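Engineer: Here's my sequence, what's the structure:
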Amino acid sequence: RILLAGLAVFVAASAWAAYSGTAESLIAARAAMGIGAAVIVPLSLGVLPSLFPPEQRRRAIAVWVGALGVGLPLGPIVGGWLLEQFWWGSVFLINLPVGALALGAAALLLPESRDPAPPRLDWPGIATSVLGTAALVYGIIQGPEDGWTDPGVLTAIGTGALALAAFLYWERRTTHPLIDLRLFANPSFTWPTLAATAGTFTLVGALFVVPQYLQIIGGHSAFGTGVRLVPLVLAILVAAATVDKIVSRIGAKIPIVAGLLIAAAGFALYATITPDSTYAFTATSLAVIGLGAGLALAPAVDAVMATLPDHRAAAGSGLLMAIRQVGAAFSVAILGTILNAVYVRDLEPHLDDLPAAAADAARDNIAGAYAVAERLASTPGTDLAVSAANAFTQAMTAVFATSAAISAILAILIAIRLPPTPPDAHR
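Structural biologist: Numbers count the residues shown, from 1 in each chain. A predicted model of the protein is given here:
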């Protein structure tokens with residue numbers, strides 16, 4: 001019933017977003033969509049143990065991970081096509097028929113499942129975790145713009161750190177914690193969770209950067225940009241489709257480590273990008289990244305679920321998804337901060353002769369720089385677009401090098417710390 005409620009909220013909020021008349025209304029609708037999605041995603045994973053016997057669960061989780069992984073890059077593809085064919089609200093209306101189909105299927109096909117002894121809601125834990133995460137992400141995002149010594153930035157970061165410390169303190173002492181911290185004492189839970197979180201962190205970071213590069217520097221339309229992300233989609237699908245057989249033969253540890261190392265290699269390759277790089281280079285890099293992500297994510301999620309009893313599967317999957325979503329939020333904040341800092345650093349020397357308003361627009365983002373360059377096209381000696389492209393690709397290099405380092409370091413730690421799982425291990 002909670003899953004159906006989440007689907008209903010998501011569908012209703014999508015209709016609201018499509019017909020929003022103001023930015024404030026759209027933001028509120030998107031927040032409501034986030035609430036619905038926060039219900040749907042963990043429960044869609046949590047119900048799997050009640051639907052499939054142990055020998056089929058790994059394959060079901062691989063399909064689930066493949067669908068989730070494909071959904072990230074599929075959004076720009078479908079959204080880009082809808083934007084070209086219809087008006088902007090269509091990118092939200094597409095959720096209505098899909099959501100209605102999911103509602104009907106879930107109502108007819110899914111059995112009810114529940115914890116026989118459900119714990120009470122941990123309201124102090126909810127409040128401190130939300131406040132801490134939101135404040136910390138806000139501080140990281142605003143730091144480059146307002147300055148790291150700005151009182152508002154320092155207050156946000158300090159508040160976030162204190163709230164998260166209070167959250168951990170409370171969770172260790174309450175009888176009904178929002179997060180059972182004892183789970184993290186089990187390396188078979190902790191390290192696969194970190195692998196799944198790192199996969200989300202780096203994938204979201206790539207999808208934050210690459211579409212800007214393809215659309216603004218590459219000059220492609222919204223749909224054309226989305227289509228050029230297909231190698232990432234196909235690679236994730238191929239990896240997710242084959243990883244079940246691999247895990248069945250050699251266990252989960254080797255595919256997780258190998259997937260992270262392959263993803264690291266893909267990010268390291270993409271870190272050598274220049275403004276003159278061809279699409280073939282981008283396609284190859286995305287394919288390697290997708291192959292590694294698909295190979296690592298499915299066995300990581302399966303390993304996490306294997307540590308949980310069936311009646312706690314929904315709660316455990318909720319924890320995993322919450323950690324992944326926090327990773328996604330910090331990905332945009334941290335990798336976006338790196339992107340912006342390097343971009344502004346390398347572009348700044350080329351802005352001296354521009355009017356203040358034009359220079360500010362160019363500093364804001366690569367789209368602003370290209371818009372200014374287009375207006376200055378008739379001015380002799382202006383090469384702002386070239387300078388901005390060089391600065392942005394240097395910033396991409398920093399982002400992808402960071403992602404490569406995160407993936408490689410975590411692969412090494414998992415290789416050392418994660419206990420080996422037997423090939424035939426099931427819940």
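Engineer: got the contact list for the helix or strand harbouring Ala15?
Structural biologist: Per DSSP states H and E: Ala15 is located in helix 2-18. The contact list for helix 2-18, computed with CB atoms under 8 Å, 6 or more residues apart in numbering, reads 25-26, 28-30, 32-33, 35-40, 43-44, 47, 89-93, 95-96, 99-100, 102-103, 106-107, 110. No exception for glycine: its C-beta is placed from N, CA and C like everyone else's.
Engineer: Okay, and Ala67 sits in which element?
Structural biologist: Going by DSSP H and E, Ala67 is in helix 54-85.
Engineer: who does that helix touch, helix- and strand-wise?
Structural biologist: helix 23-46, helix 48-51, helix 90-93, helix 187-212, helix 222-227, helix 230-250, helix 279-306 (3 or more CB pairs under 8 Å, 6 or more residues apart in numbering; DSSP states H and E).
Engineer: want to throw those into TSV with mean neighbour count?
Structural biologist: Listed next are these as TSV, based on neighbours: other CB atoms under 10 Å:
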stretch	mean neighbour count
helix 23-46	18
helix 48-51	19
helix 90-93	18
helix 187-212	23
helix 222-227	19
helix 230-250	20
helix 279-306	25
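Engineer: Next, the contact list for the closest residue in space to Asp346 that isn't next to it in sequence, please.
Structural biologist: The spatially closest residue to Asp346, leaving aside those adjacent along the chain, is Ala391, at 3.7 Å (CB to CB, 6 or more residues apart in numbering). Taking CB under 8 Å, 6+ apart, we find Ala391 in contact with 342-347, 350.
Engineer: Selecting buried members of these in ChimeraX, what would you type?
Structural biologist: Paste this into ChimeraX to select the buried members of the contacts of Ala391, with burial taken from 16 or more other CB atoms under 10 Å:
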select :342,343,344,346,347,350
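Engineer: Show me what the mean pLDDT comes to for the helix holding Ala15.
Structural biologist: What helix 2-18 shows for mean pLDDT is 92.
Engineer: Nearest residue to Phe184 in space, please, no chain neighbours.
Structural biologist: Closest residue to Phe184 apart from its sequence neighbours, by CB to CB, 6+ apart: Thr190 at 4.9 Å.
Engineer: Could you verify my assumption that that neighbour touches Ala196?
Structural biologist: No - checked against CB atoms under 8 Å, the pair Thr190 and Ala196 is beyond contact range at 11.1 Å.
Engineer: Where does the prediction get shaky in the stretch 301-427 of the chain?
Structural biologist: Residue ranges of the stretch 301-427 of the chain with pLDDT under 70: 309-318, 377-382, 421-427.
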